[in-house]
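**Student:** all I have is the shape, not the residue letters:
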């Protein structure tokens, strides 16, 4: 069975011309076209081969699937990916999964059909990743590690250190009654942050106290109510992320608590809104732009046949602002 | 030349089976496959036809191009489009243009190659729209009207009324020295809002005062400084949107102005952040979700051969919150 190159050779044209004839996308000189078609017929170049050949070249598309495009962490991440992709001649296609497994699989299927060069994904679903096995493209996981591993690389922040840094900072600000708002513990990053919190509690001999929480503003509003009822003496709160910190600030302020005088709050992520907000939110910064750029570079390097690092962990950093205050 | 249907008929299989054989995407019983390939060879079903047939059916993809995915107005819009698309069996592909014409064209080209069923777009560029003429898919413009018209429909808010409502509200709150932060006047929505402001100024005999502004938080910070220097007696500010209102609040608060006691601020859009913020921002609400859903429905209805409305204008609504205060 002839390859597209052999067809090109026999017809005395370039492979690109064969591809154009097959695709019908650009004008090809009629005489050349006839020669190509003749060779295709003669060599028994098969439809299946043809269909594959149509798609063989790189699509220059990098797919991105995030759980919630409305969350600034993900829109900032997507923007960074898009910019890095563009600088390297790639396009980004962004899909929103709403943490819905069915949507994730639908989008993966679509990106596969579109012959995406790779996929950058944030997901909690081991099941989704299992299904990735059947796909032809490299996958880079961002932010969340999964137990079932088919990805080529993971890019994340040092969430364990982040949990430690947040807790230590509240202690240094004089907090005695710290409550940690845990992210969902099936998410690796949330788990690591909580481990960091626990280890500092042990180190300083302070009581472990937590509320199960999520990552959205709306869940934060509900959980802030629960927190203040369950722990009326709280003086320091580690919010599961900046969005939750913003909602906790709102709930507590409405109830008349002064922040940071009475209760101090620290977030996680350093989304841009955390400093647009008044007061500005103290937070543990993830280098969101660097993470997005790195994930993109990995896909491109992998495509180009270069070696890539499997584990890519970025340092986090304490950003002291107005919702915490050091003593003295 | 045989069509895919004729091949199917002759081979005694369904058109879907022929498509599967051509695509090589799913398993087809070997005996059936051989029958299909035989018919393809015998009927002279040509590669060009084949390539086209591969793509003939609807891709069930709706492309979306927005200027800045980091702006919550656009991420909320994208989320609404994605949800409406999903409910109708479509997928959304989201592209970020950074208001860069070259990126817009690149993304349009890509969506065209991917045989998107339609495009929902927010752009300022007449030039981009001119290039849309060559594309095979229907285009729905959102938020911004252009002079060169190739789109099938436009979905927008009643921005003129919005400008009037905002101005009237500040007057009712006792403001005497209102300054309007104009959005870029090449953008139809910004122009309409300013016209609304002007007409109320004329009606009430108050002085027209403005600052040229943009739509981002960063430009808002700069322009708030300029505003307070140029108009030291300002007591009411119409921000070009909610993001700018948030930055104006921050700049003025840092300078020691009390809001809303000394200066009142009204935004535009009603992005979710406008009420997460403390204080909550008074704003003129656009029905962002409805706009996104409508744009999506138009693409689908058009694809299904239904009649569609060309002009779709949604009412806006005053949302009184904490950055303005009625007298008495």
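**Tutor:** Great, that's in hand. Since the structure is predicted, the reported quantities are computational estimates derived from the model, not experimental observations.
**Student:** only C-alpha atoms from now on, for both contacts and neighbour counts.
**Tutor:** Noted.
**Student:** now do the contacts for residue A:91.
**Tutor:** The contact partners of residue A:91, taken as Cα atoms under 8 Å, 6 or more residues apart in numbering or on different chains, are A:60, A:61, A:62, A:82, A:85, B:107.
**Student:** following the helix or strand of chain A with the lowest mean pLDDT, which helix or strand shows up next?
**Tutor:** Using mean pLDDT, DSSP states H and E, helix A:47-55 stands out as the lowest-scoring helix or strand of chain A, at a mean of 45. Next in sequence after helix A:47-55, counting helices and strands by DSSP states H and E, comes strand A:61-66.
**Student:** right, and the helix or strand after that next one?
**Tutor:** Moving toward the C-terminus from strand A:61-66, the next helix or strand (DSSP H and E) is helix A:72-87.
**Student:** give me the domain ranges for chain A.
**Tutor:** Following automatic domain parsing, chain A resolves into domains at A:4-55, A:61-157+A:288-314, A:159-286.
**Student:** mean pLDDT for those domains: which is lowest?
**Tutor:** Mean pLDDT per stretch puts domain A:4-55 lowest among the domains of chain A, at a mean of 72.
**Student:** hmm, who's touching stretch A:314-325?
**Tutor:** A:155-159, A:161-162, A:165-166, A:170, A:173, A:259-261, A:264-266, A:270, A:279-287, A:291.
**Student:** residues of the stretch 101-250 of chain A that sit close to chain B?
**Tutor:** A:107, A:114, A:246, A:247, A:250 (Cα under 8 Å from any Cα of the partner chain).
**Student:** burial check on the last one, number of neighbours?
**Tutor:** Residue A:250 has 21 neighbours, counted by other Cα atoms under 10 Å in any protein chain shown.
**Student:** for the first one, same thing?
**Tutor:** The number of residues packed around residue A:107, counting by other Cα under 10 Å, is 22.
**Student:** kindly reformat the contacts of residue A:91 as TSV containing distance to residue A:14.
**Tutor:** Formatted as TSV, those follow (distance: Cα to Cα, whole Å):
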residue	distance to residue A:14
A:60	21
A:61	25
A:62	28
A:82	33
A:85	29
B:107	28
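**Student:** what ranges do the helices span in the stretch 1-150 of chain A?
**Tutor:** Taking DSSP state H, counting those that start in this stretch to define them, one finds helices in the stretch 1-150 of chain A at A:4-11, A:15-23, A:30-43, A:47-55, A:72-87, A:101-113, A:126-132.
**Student:** nearest to residue A:240, out of these?
**Tutor:** Minimum separation from residue A:240 across these (Cα to Cα) falls at helix A:72-87, 12.8 Å.
**Student:** quick check: residue A:146 vs chain B, distance?
**Tutor:** For residue A:146, the distance to chain B (Cα to the nearest Cα, to the nearest Å) stands at 25 Å.
**Student:** got a list of what that residue touches?
**Tutor:** Shown in contact with residue A:146 (Cα under 8 Å, 6+ apart): A:124, A:125, A:126, A:187, A:188.
**Student:** in JSON lines, list the residues you listed along with neighbour count.
**Tutor:** Formatted as JSON lines, those follow (neighbours: other Cα atoms under 10 Å in any protein chain shown):
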{"residue": "A:124", "neighbour count": "20"}
{"residue": "A:125", "neighbour count": "19"}
{"residue": "A:126", "neighbour count": "15"}
{"residue": "A:187", "neighbour count": "16"}
{"residue": "A:188", "neighbour count": "19"}
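**Student:** among the residues you listed, which are in strands?
**Tutor:** Residues of the contacts of residue A:146 located in strands (DSSP state E): none.
**Student:** what is the burial count for residue A:306?
**Tutor:** By the criterion of other Cα under 10 Å, residue A:306 has 10 neighbours.
**Student:** correct me if wrong, but it is in a strand.
**Tutor:** No. Counting by DSSP: H, G, I helix; E, B strand; the rest coil, residue A:306 falls outside a strand, being coil.
**Student:** check which helix or strand the closest residue to residue A:283 other than its chain neighbours maps to.
**Tutor:** Leaving aside its sequence neighbours, residue A:283 sits nearest to residue A:267 (Cα to Cα, 6 or more residues apart in numbering or on different chains; 4.3 Å). Here residue A:267 is covered by strand A:264-269, with elements defined by DSSP H and E.
**Student:** list the contacts of residue A:207.
**Tutor:** Here residue A:207 is in contact with A:177, A:178, A:201 (Cα under 8 Å, 6+ apart).
**Student:** for the second one, which non-adjacent residue is spatially closest?
**Tutor:** Pointing back at residue A:178 there. Nearest-residue entry for residue A:178: residue A:236, 4.5 Å, with adjacent residues in sequence omitted and distances by Cα to Cα, 6+ apart.
**Student:** the first one now?
**Tutor:** Taking Cα to Cα, 6+ apart, and ignoring the residues beside it in sequence, residue A:177 has residue A:234 as its nearest neighbour in space, at 4.9 Å.
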